[in-house]
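J.: What shape does this take:
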Amino acid sequence: MASEAGRIRGTLLSAKRTRQAVLVWCFLMPSLVIFFLYRVLPLVWNVWLSFQRWSPMRPAEFAGLYHYEEMFFYDDVFWQALWNTLIFIASGPVGIVLALGIALLVNAEIRGREIYRTIVFLSYPLMTVAVGIIWRWLYDERVGLFNFVLRSTGIIDEPIAFLQTFEWSLPAVILANIWQILGFYMIVLLTGLQNIPHNLYEAAAIDGAPRLAQFWRITLPMLKPAIFLCFIIGMLNSFTAFDLVWVMTGGGPGHATELLVTYIYKQAFAQTAFDYAAALTTVLFVLLVVIAWIANRLSGGDAGAVRTG
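T.: A predicted model of the protein is given here:
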């Protein structure tokens, strides 16, 4: 009798688990289908296309590593665009350091800190195209604010063509990019600061630890997840900064601000070299994965998670 009751109980539990599993899959399936159709399938098709000779006017023909050979050994613009993209990514920590300083400032007990938070954050919700237009005006050689201030204070005699010279154009675009994302960094880091238990600082103060030691031993380690998130978002922003660069410089002058994403666009839609653009996109994706993996390893693994216990 007892064994019969146990068998019935086991059957009921199994049926319950099956219903729960079916329910979970019913909720997950639409998202998985959308992810497959709009993420996995285009990526697979893009990789396949990178090994083909193809255009809208002719059928696909297998080309092997032809596009990659051309890219790595004969395409100087690719290396310039790759170098510019890496510089864009390397500028991310600069913005994070600035945002951390601002977050520490507005997290302190200062008068009007809510106003300061709002002012800093206002740059992030702006459309990137609008940001590009604003900064293009700021850099303008004739009526730009920067040249006006520099000439009025006697620092320069002749206006600087920030967006028309090879040496100034990339730093100018990077500065605009940092300004736009600074507000997002600040909010993320400020949230991380406010989630640090205050008793850690009290215990450190009792032990006689100075403020600088508290910052290095408590604040920075506890902010690792927030800093890692900021770096990843900044890296993705650098890989997708097409609209900002396109509005401000179009990749010029002389490919001085050419990024991989703008070069891919030109190859695909200006040169109709969709197969070569697919190879460039594949390289961009691999580069993204590698840099994300390196960043995760440098942060200690687990996406910068703080280990306790």
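J.: And whichever helix or strand Val129 is part of, how far out from the chain middle?
T.: In the assignment (DSSP states H and E), Val129 maps to helix 128-139. From the chain centre to the centre of helix 128-139 is a distance of 20 Å (C-alpha atoms, centre = their mean, to the nearest Å).
J.: Mind listing what's buried along it?
T.: Thr128, Val131, Gly132, Ile134, Trp135, Arg136, Leu138, Tyr139 (16 or more other C-beta atoms under 10 Å). In this view, the C-beta of every residue, glycine as well, is placed from N, C-alpha and C.
J.: again with stretch 41-58
T.: Buried residues in stretch 41-58 (16+ other C-beta under 10 Å): Asn46, Leu49, Ser50, Phe51, Gln52, Arg53, Trp54.
J.: before we move on, what about stretch 111-127?
T.: Arg117, Val120, Phe121, Ser123, Tyr124.
J.: quick one, what contacts the second one?
T.: Shown here is Val120, whose contacts under the criterion C-beta atoms under 8 Å, 6 or more residues apart in numbering are Ile102, Val106, Leu182, Gly183, Met186.
J.: and if you look at the last one?
T.: Residues in contact with Tyr124, defined by C-beta under 8 Å, 6+ apart, are Gln180, Ile181, Leu182, Gly183, Phe184, Ile187.
J.: JSON lines for the residues you listed, including neighbour count, secondary structure and pLDDT?
T.: Output for the contacts of Tyr124, formatted as JSON lines (neighbours: other C-beta atoms under 10 Å; DSSP: H, G, I helix; E, B strand; the rest coil; pLDDT from 0 to 100):
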{"residue": "Gln180", "neighbour count": "24", "secondary structure": "helix", "pLDDT": "90"}
{"residue": "Ile181", "neighbour count": "23", "secondary structure": "helix", "pLDDT": "91"}
{"residue": "Leu182", "neighbour count": "19", "secondary structure": "helix", "pLDDT": "90"}
{"residue": "Gly183", "neighbour count": "21", "secondary structure": "helix", "pLDDT": "88"}
{"residue": "Phe184", "neighbour count": "21", "secondary structure": "helix", "pLDDT": "90"}
{"residue": "Ile187", "neighbour count": "18", "secondary structure": "helix", "pLDDT": "89"}
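J.: Distance to Ser91 for the residues you listed - can I get that in TSV?
T.: Converted to TSV, those look like this (distance: C-beta to C-beta, whole Å):
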residue	distance to Ser91
Gln180	12
Ile181	10
Leu182	12
Gly183	16
Phe184	15
Ile187	19
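J.: so how far is Val290 from Leu284?
T.: Distance of Leu284 to Val290, computed by C-beta to C-beta, to the nearest Å: 11 Å.
J.: Please enumerate the helices of the stretch 101-250 of the chain.
T.: Under the criterion DSSP state H, counting those that start in this stretch, the stretch 101-250 of the chain contains helices at 113-121, 128-139, 145-152, 166-194, 198-206, 211-214, 220-222, 224-239, 242-248.
J.: tell me the pLDDT at the residue nearest to the spatial centre of the chain?
T.: Among the residues of the chain, the one closest to the centroid is Leu236, at 2.4 Å (C-alpha atoms, centre = their mean). Looking at Leu236, its pLDDT stands at 84.
J.: quick one: it from Ala204, how far?
T.: Relative to Ala204, and taking C-beta to C-beta, Leu236 is found at 35 Å.
J.: what's next to stretch 245-259, contact-wise?
T.: 77, 80-81, 84-85, 88, 128-129, 132-133, 135-136, 139, 163-166, 169-170, 172-173, 176, 238, 241-242, 261-263, 265-266.
J.: What's the local residue count around Ser169?
T.: By other C-beta atoms under 10 Å, 23 other residues sit near Ser169.
J.: do the one 5 residues further on as well
T.: Residues near Ile174, counting by other C-beta under 10 Å, number 22.
J.: gap between it and Tyr124?
T.: On the measure of C-beta to C-beta, Ile174 and Tyr124 end up 17 Å apart.
J.: Then Ile134?
T.: For Ile134, the distance to Tyr124 - C-beta to C-beta - is 14 Å.
J.: For the closest residue to Val143 other than its chain neighbours, give me its contacts.
T.: The spatial neighbour of Val143 that comes closest, neighbours along the chain excluded (C-beta to C-beta, 6 or more residues apart in numbering), is Trp137 at 7.4 Å. Contact analysis of Trp137 by C-beta under 8 Å, 6+ apart lists Val143, Gly144, Leu145.
J.: Please look at the last one and Trp135 and confirm they touch.
T.: No - here Leu145 does not reach Trp135: they are 10.1 Å apart, not a contact under C-beta atoms under 8 Å.
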